[in-house]
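Colleague: sequence plus predicted model, see below.
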Amino acid sequence: MKPLRAWSPLAPLAVCVLLAGWIVLSVANARGAGFSIFVLAVANLIVFTDALDFALRLYMRRRHRIGAGGILESRQSGRISINLAAILPPDARRLVPAAPFAIIASIYNLEDRLEEFMEAFEPYRHRVWLLSDGSTDNTVLLLRQAGWRCFDEGVNRRKPGAVRRLLELLPKHIETVMVIDPDIRIRGLDEGSSIDLEQFVSEFQRSGAAAACPRIMIEPDGFLARFQAFEYALACGVGRESLADFSVTSGVSFYRRSALARALDEHSLSVYAEDLENALILLSHGERIYYDGRLVVSTEGPGSLPRWFSQRVGWYHGLIKVYVERFSEVRRISRRSPFAAYNYLIYIGGLGLGIHLVKIVSAVLLLLSFLGGLDALLLDNFVPRGTLGNPEYFAAAIASYLALGVIALFTRVSGEERAYTAPIVPLYLCYTLIHIVPMTVGFVNFFALRLFRRRVYQDHYETSADLGIARQK
């Protein structure tokens, strides 16, 4: 983990101050530009949809909390997507030791970061089961020399296939597994978690659910990581908490072994949106998945813009791929609950995929508005004036999104992350708009593969060799 520089907040704060000054001056200097309510509405589409979704999820989250009590303190119960106390047996007040469970992971060429991995999981070494996913370096040798349990069959199955193989190798008495990525760290009681791993697993095992997800936070690491930390805080504290027991699994999730085995038997074994595919399969079979933010795990985000771009292209390619291929499961899930229908049909299918072209238009209008303000302030009519370039559209959008971001910051971001993420809140609309680029490339990749069997952009999730293996299958 990289050390956080003491002066690092100055950069986002300086950008925020400059942006605020630019907005005020550009709007004040804009003369003769037309104004259209319709264009304003289209340009602010992203703001409006995000605000309505945020309000609805806060309402649903509040409904899930009604009546929560029992073994959960009020402060802790707000971090769980279901009333866990109502599900657990009557003796829930007594801490019951967790039944045997395993921490499993597929690893690939981990030599450069092996010391960090071993240090992070040393307290859980006796529970860790690893499978080398075709590593070509000294990862397996070094792990075995250090006394870690690591299988190596010389095959690159990719993560879903490797996890399925690990389930076959586990002793039969282990009925619960925690699937991890090697770059995560389980945070203790003095590092953000309010319960320990044993308590989390014990309560999960007694809940009868198929899977449960902890809170994932981004390790502090510079300017880009601040945006991702805020993004992850909202995804967990607003998104997953609002879903009750219709949540989505992530790269770090707890599973009932039989449920995971069933999901992987039906899985495409693609690395793209593998966790979403697991969740859709399980939920479509009537299973329950909940979120419990009392346990916190942390990971490092992509450290550079190219790596971030590649990651997001892969994410959105996976989203449309799984959604199209598993649409029958989406429909079955939507019949189980009105809010499940909202999340999986309206939010993901409609707002996420269906109106993407309208979001592109919205982003273009905001860009034209930004350029119109820049012209009014600095360039002296270099950009043609007109209704589409009115600086007020961008000013309205960023001011509205700032208000939404401040509300989210003080209501749904944990205290330990609030100071770190606060400097970028005024810029979060820009981060959201930039997302449209890798999102579009990911969607185009999906259609290009369907039509021409090739991508317009090669992300890092699958190499050319992986694609060849997949096509042979």
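Modeller: Nice, I can see it.

Colleague: the lengthiest strand in the chain packs against which elements?
Modeller: Longest strand in the chain by number of residues (criterion: DSSP state E): strand 289-299. Where contact means 3 or more C-beta pairs under 8 Å, 6 or more residues apart in numbering; DSSP states H and E, strand 289-299 is packed against strand 184-186, helix 197-207, strand 211-218, helix 274-284. Bear in mind the C-beta positions are built from the backbone N, C-alpha and C, glycine included.

Colleague: sec struct for F254, please.
Modeller: Going by DSSP: H, G, I helix; E, B strand; the rest coil, the secondary structure assigned to F254 is strand.

Colleague: distance check, it against Y290.
Modeller: 10 Å (C-beta to C-beta, to the nearest Å).

Colleague: quick check: neighbours shared by these two?
Modeller: A212, C213 (C-beta atoms under 8 Å, 6 or more residues apart in numbering).

Colleague: and for the residue lying closest to R240 once chain neighbours are set aside, the neighbour number?
Modeller: Among residues not flanking R240 along the chain, Y291 sits closest, at 3.9 Å (C-beta to C-beta, 6 or more residues apart in numbering). Burial measure for Y291: 27 neighbouring residues, criterion other C-beta atoms under 10 Å.

Colleague: report the contact partners of Y291.
Modeller: Applying C-beta under 8 Å, 6+ apart, the residues near Y291 are I80, S81, A212, C213, R215, C236, R240, E241, L243, S247.

Colleague: ok, the fifth one touching T299?
Modeller: No - contact criterion C-beta atoms under 8 Å: R215 and T299 do not qualify, at 11.4 Å.

Colleague: higher neighbour count, these two?
Modeller: For the pair R215 and T299, the greater number of neighbours falls to R215 (26 against 18), based on other C-beta under 10 Å.

Colleague: export stretch 278-290 as PDB, just CAs?
Modeller: Below are the C-alpha coordinates for stretch 278-290, written out as PDB (Å, rounded to 0.1, in the frame of the first residue of the first chain):
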ATOM      1  CA  ASN A 278     -23.400 -15.600  -9.900                       C
ATOM      2  CA  ALA A 279     -26.000 -13.300  -8.300                       C
ATOM      3  CA  LEU A 280     -28.500 -13.600 -11.100                       C
ATOM      4  CA  ILE A 281     -28.300 -17.400 -11.100                       C
ATOM      5  CA  LEU A 282     -28.700 -17.600  -7.400                       C
ATOM      6  CA  LEU A 283     -31.500 -15.100  -7.100                       C
ATOM      7  CA  SER A 284     -33.400 -16.600 -10.000                       C
ATOM      8  CA  HIS A 285     -33.500 -19.900  -8.100                       C
ATOM      9  CA  GLY A 286     -35.200 -18.200  -5.100                       C
ATOM     10  CA  GLU A 287     -32.000 -17.800  -3.100                       C
ATOM     11  CA  ARG A 288     -31.200 -14.700  -0.900                       C
ATOM     12  CA  ILE A 289     -28.100 -12.500  -1.000                       C
ATOM     13  CA  TYR A 290     -27.600  -9.800   1.600                       C
END
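
Colleague: report the rounded mean pLDDT for it.
Modeller: Model confidence over stretch 278-290 averages 96 on the pLDDT scale.

Colleague: where does pLDDT dip in the chain?
Modeller: Low-confidence segments of the chain, defined by pLDDT under 70: 1-34, 65-78, 89-95, 376-387, 463-473.

Colleague: quick one: list the elements packing against the helix ranked longest in it.
Modeller: In the chain, taking DSSP state H as the definition, the longest helix is helix 428-452. Contacts defined by 3+ C-beta pairs under 8 Å, 6+ apart place helix 428-452 against helix 45-65, helix 222-234, helix 305-325, helix 356-374, helix 391-412.

Colleague: closest one to R144 among the ones you listed?
Modeller: Evaluated over those, closeness to R144 peaks at helix 305-325, with 30.3 Å, by C-beta to C-beta.

Colleague: chain center to the closest one, what's the gap?
Modeller: Between the centre of helix 305-325 and the centre of its chain there are 12 Å (C-alpha atoms, centre = their mean, to the nearest Å).

Colleague: okay, the angle between it and helix 428-452?
Modeller: Interaxial angle of helix 305-325 relative to helix 428-452 (axes from the mean of the first three to the mean of the last three C-alpha atoms, to 10 degrees): 60 degrees.

Colleague: could you list the residues in contact with helix 305-325?
Modeller: Outside helix 305-325, the residues touching it (C-beta under 8 Å, 6+ apart) are 224, 228, 268, 270-274, 276-277, 280, 301-302, 330, 348-349, 352-353, 435, 437-439, 441-443, 445-446, 457, 459-461.

Colleague: go again using 7 Å as the cut-off
Modeller: Residues from elsewhere that reach helix 305-325 (C-beta atoms under 7 Å, 6 or more residues apart in numbering): 224, 268, 272-273, 276-277, 280, 302, 330, 348-349, 353, 435, 438-439, 441-443, 445-446, 457, 459-461.

Colleague: buried sites along that helix?
Modeller: 308-323 (16 or more other C-beta atoms under 10 Å).

Colleague: kindly report the same for stretch 252-267.
Modeller: Under 16+ other C-beta under 10 Å, the buried positions of stretch 252-267 are V252, S253, F254, Y255, R256, R257, A259, L260, R262, A263, L264, H267.

Colleague: between those residues, which is nearest C430?
Modeller: So of those, ranked by how close each gets to C430 (C-beta to C-beta), first place is V252, at 28.8 Å.
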